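Participant: Sequence and computational prediction follow.
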Amino acid sequence: MRLQLSPEDEKFAAELREFFTTQIPEEIRETVRARRELSKEQMVESQRILNDAGLAVPHWPAEWGGKDWTQLQRHLWHEEMALACVPAPLTFNTNMVGPVIAAFGSQEQKERFLPATASLDIWWSQGFSEPDAGSDLASLRTVAVRDGDEYVVNGQKTWTTLGQYGDWIFTLVRTDPEAPKKQQGISFLLIDMTTPGLTVRPIELLDGGHEVNEVFFENVRVPAENLVGEENKGWTYAKFLLGNERTGIASVGATKRNLATVKEHAIALGLLEDPAYAGRIADLENELLALELTALRVAGNSADGKPDPASSILKLQGSVLQQAVTELAVDVAGPASISSGAGDDSTVPEWARLATPTYLNYRKTSIYGGSNEVQRTIIAGTILGL
Amino acid sequence: MDFSIDSEQEALQGAVRGLITKAYDSSETRREVVKAEPGYGEGTWRKLAEMGILGLPFDEKLGGMGAGPVEVSLVAEELGRVLAPEPFVESVVLAGGLIAAAADEAQAAELLTPLAEGASLPILAWFEAGRRWDATPAAVTAASSGDAWTLSGVKEPVPWGASADVLIVSAATEAGTGLFLVSADADGLERGGYTTHDGLRAARVSFDGTPATPLGDVSADQSALLGRALDAARIAYAHEAVGAMETALQTTVGYLKTRKQFGVTLNSFQALTFRAADMYTALELARSTAAWATMVLDAATEGAEVDVTAAASQAALQISRAGRHLGQEAIQLHGGIGVTAEYSVGHYTSRLTAIEHLIGDGAYHRARLAAAVSDHEVLDPIG
């Protein structure tokens, strides 16, 4: 057991810090710092800069741009990126579909999609959830029927985050309605979102933002070569993907930065003179510390195509703490927290105007990526054997 | 940062586990041992001495093994796993650690060699009535006449205070905090021993002009030495608690799988399995923090500039939360049998409660951390 970084890792972290704080435009980092919404152009610009420097997909296999870093180095990468307010590479690309294609896709699919996925030349959307398939994802009903060299897709996906920017969508579709278990009849299909019959409709969220969408498929014809891996094995690939998603979902670095910002506001308002407030922040810092250490300690990544069940702890506690920090921001803002619609002529500062919409928006974190109840089911079943 | 242990540390862990699980093969054995005096297994203590565990952190010149906080933490965790009552943390880590830090060479040899051999049980007396976890002594005062010192006042509770053959006593001096050695047969020393709720022992120890020998240099304020020893002990106790929590969870999970009600095993009820999942999460978060605090202490002993006090509080706060959570839920998920003396799980809750109130409860450590919350932008565990 050893606390300190080796000199090599010290140097590694310092070089990343230098890169993130000098190469990513300040305007983009300021947008993240203030918790304003990033534009598509900003996200693409940031990811291209990272990718050109080999820093967008370090966790991928080396032949597709991965870095063979240690788990600690990956942690440092995440941490330095978050602390420098650099937008994380698009998770749908780098944590979801990219690793699936790299692990299970054909050589043609890898060559066609992986470079463009890393650089964000293709913006991927996720087509998993359906109106009647949320936590019970395997009950999904969007069907793909083989017709010659094509699949014909009909059905509906929902909660498609940033689907309005999507070029392609990776979907779970039912290819064998007769399979003895519902998990066995599902395939993993890549669909060009410009294909006729595919439409995207926005869903407005509580904070007034347009972040998620419904995606409708009406006789959408998809070349059979866009099937990933084997037909009816999609559930296996989805579990692999969700295991990866849960790792990133702990969001320790971003939560630390957000807590530091709220703490600054609390100090400016004199709130820390109240021992109860100082104690609340000390508690949150301590919980975050425990989460960060746990992320470092457990191998939270998918191994051998199977998600590490311990990644459920990171998702569970990570979402709880993300939410707790947004809740603290609302409390620190006080009555100013209602002024979400005020303009720049307001006496209410921007952070206080954004506090409640962010708090409301962040209720999503304990729902997406497998709700926290799903995570508890995994911990109880897979880890504890209950 | 590296959480893995090396092969020598693994061997140590395995050896201690072998010895201690044989000594405490069931909770009934533990109950019998703590019922009889002195409240721990003297045979087990001797075997720990033979294995070198009682001299683990001390210099090899003194008969110790020259090991560090990581090895200490592994032993504490094994003891916690079976609720072994042997006073390893109290005597070797806390009293021994303070002696090693404060004593001159001659005193260290005189005190630590017999401790390592299992021939002496030094114990620190620092709690005072009404003072909670404030380590500045007030109720016990030291007076000097020439080179001779005497102590007056009362210390209570003193864990294992009636079993000790030598007491290390914190007392108010003109310089502030002084540390003194009092022999068990000293004049004017009275000890009233009793059993604590977790089955172990504590005592009221009173001094009335009792002759005492300075430990180290009492002309200076020794509060920093005392504070560091207490923080190191807090971190070791955190590991003892992790071991205890792990068993409490295992026992509870086993019970949920076998106990039947309404014609089905309890693990058919999601209301119960979700609570077990939350216990697991709390345990793993606490385990990470305890291990990290040990790494901080280890780095400090190697001269790194790290904040051991903050790390001890961070571990203690996490242990306070997790210990209450796991201890309370372990009983609740068992139902009535959980509150019986005959069944094991309630004893784990009792010991976890005692550990928390020996090291300072969650509110105490939260306040220690809250006072420094403006000193940093973010907490960086790597330092």
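Facilitator: Received it, and whenever you're ready, just let me know what you need. Numbering: from 1, shown residues only, chains lettered A, B, ... in the order given.

Participant: Would you mind listing what in the stretch 51-200 of chain A touches chain B?
Facilitator: Within the stretch 51-200 of chain A, the positions adjacent to chain B are A:Leu72, A:Leu83 by Cβ under 8 Å from any Cβ of the partner chain. Just so you know, the C-beta spots here come from the backbone N, C-alpha and C atoms, and that holds for glycine as well.

Participant: For chain B, what's its nearest residue on the stretch 51-200 of chain A.
Facilitator: Nearest to chain B, among the residues of the stretch 51-200 of chain A, is A:Leu72, at 6.2 Å (Cβ to the nearest Cβ).

Participant: name the element the nearest residue in space to A:Gln23 that is not next to it in sequence belongs to?
Facilitator: Leaving aside its sequence neighbours, A:Gln23 sits nearest to A:Ile49 (Cβ to Cβ, 6 or more residues apart in numbering or on different chains; 5.7 Å). Using DSSP states H and E, A:Ile49 sits within helix A:40-52.

Participant: so what does that helix touch, helix or strand wise?
Facilitator: Judged by 3 or more Cβ pairs under 8 Å, 6 or more residues apart in numbering or on different chains; DSSP states H and E, helix A:40-52 is in contact with helix A:26-33, helix A:107-119.

Participant: and B:Gly243, which of these is closest to it?
Facilitator: Nearest to B:Gly243 among those is helix A:26-33; the distance by Cβ to Cβ comes to 42.1 Å.

Participant: Where do the strands of the stretch 51-200 of chain B begin and end?
Facilitator: Ranges of strands in the stretch 51-200 of chain B, per DSSP state E, counting those that start in this stretch, are B:122-125, B:141-145, B:148-159, B:166-173, B:176-183, B:189-195.

Participant: okay, the helices and strands packed on helix A:40-52, which one's buried deepest?
Facilitator: Of all the helices and strands packed on helix A:40-52, helix A:107-119 has the most neighbours on average by mean count of other Cβ atoms under 10 Å in any protein chain shown, namely a mean of 18.

Participant: For the residue of the stretch 51-200 of chain A closest to chain B, list the residues it contacts.
Facilitator: A:Leu5, A:Asp9, A:Leu296, B:Met1, B:Asp2 (Cβ atoms under 8 Å, 6 or more residues apart in numbering or on different chains).

Participant: so where's the longest strand in chain B?
Facilitator: When chain B is parsed with DSSP state E, its longest strand is strand B:201-214.

Participant: what separates it from the chain centre, distance-wise?
Facilitator: Centre-to-centre, strand B:201-214 and its host chain are 21 Å apart (Cα atoms, centre = their mean, to the nearest Å).

Participant: per-domain residue ranges of chain A.
Facilitator: Using automatic domain parsing, the domain ranges for chain A come out as A:7-89, A:124-232, A:250-383.

Participant: I'd like the distance from the second one to the chain centre, please.
Facilitator: Here the centre of mass of C-alpha atoms in domain A:124-232, compared against the chain's by Cα atoms, centre = their mean, lies 18 Å away.

Participant: Wait, a helix at the residue of the stretch 51-200 of chain A closest to chain B?
Facilitator: Yes: assigned with DSSP: H, G, I helix; E, B strand; the rest coil, A:Leu72 falls within a helix.

Participant: Would you map the strands across the stretch 51-200 of chain A?
Facilitator: Using DSSP E, counting those that start in this stretch, strands in the stretch 51-200 of chain A cover A:124-127, A:143-147, A:150-157, A:168-174, A:186-192, A:198-204.

Participant: Could you export the ones you listed as CSV, including mean pLDDT and mean neighbour count?
Facilitator: Below are the strands of the stretch 51-200 of chain A laid out as CSV (pLDDT from 0 to 100; neighbours: other Cβ atoms under 10 Å in any protein chain shown):
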stretch, mean pLDDT, mean neighbour count
strand A:124-127, 98, 27
strand A:143-147, 98, 17
strand A:150-157, 98, 20
strand A:168-174, 98, 26
strand A:186-192, 98, 24
strand A:198-204, 97, 14
